[in-house]
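K.L.:
let me see the structure of the following:
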Amino acid sequence: MIRVLIIDDSAVVRKILTEQLSAYEDIEVVGSAIDPYVGRDKIVELRPDVLTLDLEMPRMDGLSFLSRLMKYHPLPVVVVSSLTPKNSETALRALELGAVEVIAKPGSQFSTPDVHRQLVQAIRAAAVARLPVRPMNANAPPPVPAAFHHLATTHKILAIGASTGGTKAIEAVLRGLPSMAPGTLIVQHMPEGFTASFARRLNGLCRVEVREASDGESVVPGVALLAPGNWHMVLRQSGARYHVNLKAGPPVHHQRPAVDVLFQSVAHSAGRNSVGVLLTGMGADGARGLLEMRDSGAHTIAEDETTCVVFGMPKEAIKLGAAIEVLPLPNIAAAILSHLASARPGSTAAPPTPA
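P.N.:
Residues are numbered from 1 along each chain as shown. Predicted coordinates for the structure are as follows:
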């Protein structure tokens, strides 16, 4: 049983969340709080396993509370917020501070009819998440070895998929890549209206250019395209050109965008000219797609359990035999570059070190 405490200044939202969560046998709402001060006392009294947290509240805002909580009494937190453009930036900061997931508040612009199911999935993921989640170093990205600055990446594709804990994991991988890394496609499970802010933040931290993908956009070296929330992203090849298409379609693994949709399209369109990376996340999305990439001749990497916030998606991929390498997060960028160097015609670079 997952014990949940709801912290939100809206009585209506507290009532809705309590009713929705109480319908699930593995979740018990043990209490609610109108602001962080009451929430602090309820944490001590009720000892919840997971908190849901609004970001805009009286007396103390959610970010200030989250910062203090993670410093003195770390607990898994799911942010439930009205994801306006301003709030999406705030929500990104919440993830940096240690929140496990961000969900659109019921009735907000970006909420969906099944927002309660998304919230339940987030709470289940938070209950098994690895804490504390330390903030990334926001200084300049780490140096890239000189041998990897001039890789032949024109016809290569890098595909990355992640869910719970993925914002920091994706950042860690991209920060380790040179400015002319292969054309990169990313699926991160997150709400509509949130991905544009995430792309802008990554663009300010990484050598590669990062932006939210547009339908029909070309995939070129030095640019990473992030699938927009609520849209699947697929890779297409037209002659010597790669481009992406965005499509609606039904959710896959209850997700849109879905990692499997991206990976399967990369397997079909790029095959042995691609590298697939599956990072931290709850569930199985991406596992079969990574296997299809490996079967097509791609080089495939799954994040090791030791660094995953939630060892779900990589675990399922490893069970299927989809991963050629299983590596801790700090080693993944170097492994991508090592593979590209060893695959370059005439290269004498050593192959990646097996896990």
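
K.L.:
pull the CA atoms of stretch 322-338 into CSV?
P.N.:
Extracted C-alpha coordinates of stretch 322-338, given in CSV (Å, rounded to 0.1, in the frame of the first residue of the first chain):
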residue,chain,number,x,y,z
ALA,A,322,17.8,-5.8,-26.4
ALA,A,323,20.9,-4.1,-24.9
ILE,A,324,24.4,-4.7,-26.3
GLU,A,325,25.8,-2.6,-23.4
VAL,A,326,24.4,-2.0,-19.9
LEU,A,327,26.2,1.0,-18.4
PRO,A,328,25.9,3.5,-15.5
LEU,A,329,24.7,6.9,-16.7
PRO,A,330,28.1,8.7,-16.4
ASN,A,331,29.6,6.2,-18.9
ILE,A,332,26.9,6.4,-21.6
ALA,A,333,28.0,9.4,-23.6
ALA,A,334,31.5,8.1,-23.9
ALA,A,335,30.2,4.7,-25.0
ILE,A,336,28.1,6.4,-27.8
LEU,A,337,31.2,8.2,-29.0
SER,A,338,33.4,5.1,-28.8
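
K.L.:
buried stuff in it?
P.N.:
322-327, 329, 331-338 (16 or more other C-beta atoms under 10 Å). No exception for glycine: its C-beta is placed from N, CA and C like everyone else's.

K.L.:
OK, contacts around the closest residue in space to residue 266 that isn't next to it in sequence?
P.N.:
Closest residue to residue 266 apart from its sequence neighbours, by C-beta to C-beta, 6 or more residues apart in numbering: residue 159 at 4.6 Å. By C-beta atoms under 8 Å, 6 or more residues apart in numbering, the contact list for residue 159 reads 184-186, 235, 262-263, 266, 274-277, 293.

K.L.:
quick one: the helices in the stretch 101-250 of the chain?
P.N.:
Taking DSSP state H, counting those that start in this stretch to define them, one finds helices in the stretch 101-250 of the chain at 115-127, 166-175, 195-205.

K.L.:
got the buried residues for the first one?
P.N.:
Within helix 115-127, the residues that count as buried by 16+ other C-beta under 10 Å are 115-116, 118-127.

K.L.:
again with stretch 31-41
P.N.:
31-36, 39-40.

K.L.:
would CSV of these with distance to residue 285, pLDDT and secondary structure be doable?
P.N.:
Converted to CSV, those look like this (distance: C-beta to C-beta, whole Å; pLDDT from 0 to 100; DSSP: H, G, I helix; E, B strand; the rest coil):
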residue, distance to residue 285, pLDDT, secondary structure
31, 32, 97, strand
32, 31, 96, strand
33, 33, 96, strand
34, 36, 95, coil
35, 36, 93, coil
36, 33, 94, helix
39, 32, 95, helix
40, 35, 95, helix
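
K.L.:
what are the structural domain limits within this structure?
P.N.:
In the domain annotation for the chain, the residue ranges read 2-127, 146-343 (automatic domain parsing).

K.L.:
returning to that earlier point: which one of the buried residues of helix 115-127 is nearest residue 227?
P.N.:
Closest approach between the buried residues of helix 115-127 and residue 227, by C-beta to C-beta: residue 118, at 16.5 Å.

K.L.:
measure that closest one to residue 305 for me?
P.N.:
Distance of residue 118 to residue 305, computed by C-beta to C-beta, to the nearest Å: 25 Å.

K.L.:
same deal with residue 236?
P.N.:
On the measure of C-beta to C-beta, residue 236 and residue 305 end up 34 Å apart.

K.L.:
can you pick the most crowded of the contacts of residue 159?
P.N.:
residue 263 (36 neighbours; other C-beta atoms under 10 Å).

K.L.:
that residue touches residue 285, doesn't it?
P.N.:
No: judged on C-beta atoms under 8 Å, residue 263 makes no contact with residue 285 at a distance of 9.3 Å.

K.L.:
quickly list what's touching both of the two.
P.N.:
Common contacts of residue 263 and residue 285 (C-beta under 8 Å, 6+ apart): residue 161.

K.L.:
spatially nearest residue to residue 176 (excluding sequence neighbours)?
P.N.:
Distance criterion C-beta to C-beta, 6+ apart; nearest residue to residue 176, sequence neighbours excluded, is residue 333 at 2.6 Å.

K.L.:
wait, that neighbour touches residue 175, no?
P.N.:
Yes: with contacts counted by C-beta under 8 Å, residue 333 reaches residue 175, the gap being 7.5 Å.

K.L.:
now stretch 118-137: how far from the chain's centre is it?
P.N.:
11 Å (C-alpha atoms, centre = their mean, to the nearest Å).

K.L.:
can you check stretch 1-14 too?
P.N.:
24 Å.

K.L.:
relative to residue 193, how far out is residue 55?
P.N.:
In terms of C-beta to C-beta, residue 55 sits 14 Å off from residue 193.

K.L.:
same deal with residue 316?
P.N.:
According to C-beta to C-beta, residue 316 and residue 193 sit 29 Å apart.

K.L.:
still on that earlier bit, let me know which of the domains of the chain is tucked in deepest.
P.N.:
Comparing these by mean neighbour count (mean count of other C-beta atoms under 10 Å), domain 146-343 comes out on top with a mean of 21.

K.L.:
by mean pLDDT, flag the weakest helix or strand of the chain.
P.N.:
Least confident helix or strand, the chain: helix 85-97 with a mean of 82, by mean pLDDT, DSSP states H and E.
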